[in-house]
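Let me see the structure of the following:
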Amino acid sequence: EHDGQDEGDDDFLNWLKKHKLHSYHQAFEDEGYDDLASLALLSQEEVGEFATSIQMKKGHKKKLPVVIQELREEMQELKEERRELREQRAKDKAKREREEQEKEQERTREKEEQEEKRKRDKEERKMEEDLAQIERKHKLEEREHKLEEARRARDLNTDGPNSKPTTHDSALPISKEQVG
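Next up is the predicted model:
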């Protein structure tokens, strides 16, 4: 298992190996430079003093300021990439939130439209029911009116119990008994 410190040690040692400076690993650690971040904090003057104090070979002494500058640049690039990544994540999150908000607004709009359609359909059914009821009432009134007219006509054609048969009554078939 590695904790954060062990991983930092591994990164530091690997960096030293990459630049063929690993023979100075213990000297770096003895002076408190046991991670890449602490090296990147050294000024150019401090790098030169440090190289002299740990008795670096001339070639390594010339190489150390160059590779530490490269390290600073790499760390700055990494920092910039992380910043860009955070910004992109924030933009993506904002975009997702906007899209979700738009979807929610669309769902709300659709629900409102459906509710309006239900209301219109209900009103239309009510109007149809009202119209059908009015038509039934009108037909009933027409029948009642026709029945009333028929009663009046019948009453006009008859003068009571001793009245003569009406033309309507004479249209009935006559039996043999009535003839004789």
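
make it CA atoms for all contacts and neighbour counts henceforth
Fine.

roughly how far is the top helix by length along the chain from the heart of the chain?
Counting residues, the longest helix found in the chain (DSSP state H) is helix 58-157. The chain centroid and the centroid of helix 58-157 are separated by 10 Å under CA atoms, centre = their mean, to the nearest Å.

what's that helix packed up against?
Helices and strands touching helix 58-157, by 3 or more CA pairs under 8 Å, 6 or more residues apart in numbering; DSSP states H and E, are helix 36-40, helix 44-53.

Ala153: neighbour count?
11 (other CA atoms under 10 Å).

For stretch 64-74, buried residues please.
Neighbour counts using 16 or more other CA atoms under 10 Å place 64-65, 68-69, 71-72 of stretch 64-74 among the buried residues.

returning to what we had before: mean pLDDT and distance to Leu140 for the helices and strands packed on helix 58-157 - can I get that in CSV?
Listed next are the helices and strands packed on helix 58-157 as CSV, based on pLDDT from 0 to 100; distance: least, CA to CA, whole Å:
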stretch, mean pLDDT, distance to Leu140
helix 36-40, 91, 100
helix 44-53, 93, 110
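
mind putting those helices in CSV, mean neighbour count and distance to Asp11 included?
Putting the helices and strands packed on helix 58-157 into CSV (neighbours: other CA atoms under 10 Å; distance: least, CA to CA, whole Å) gives the following:
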stretch, mean neighbour count, distance to Asp11
helix 36-40, 16, 8
helix 44-53, 15, 20
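
Thank you, goodbye.
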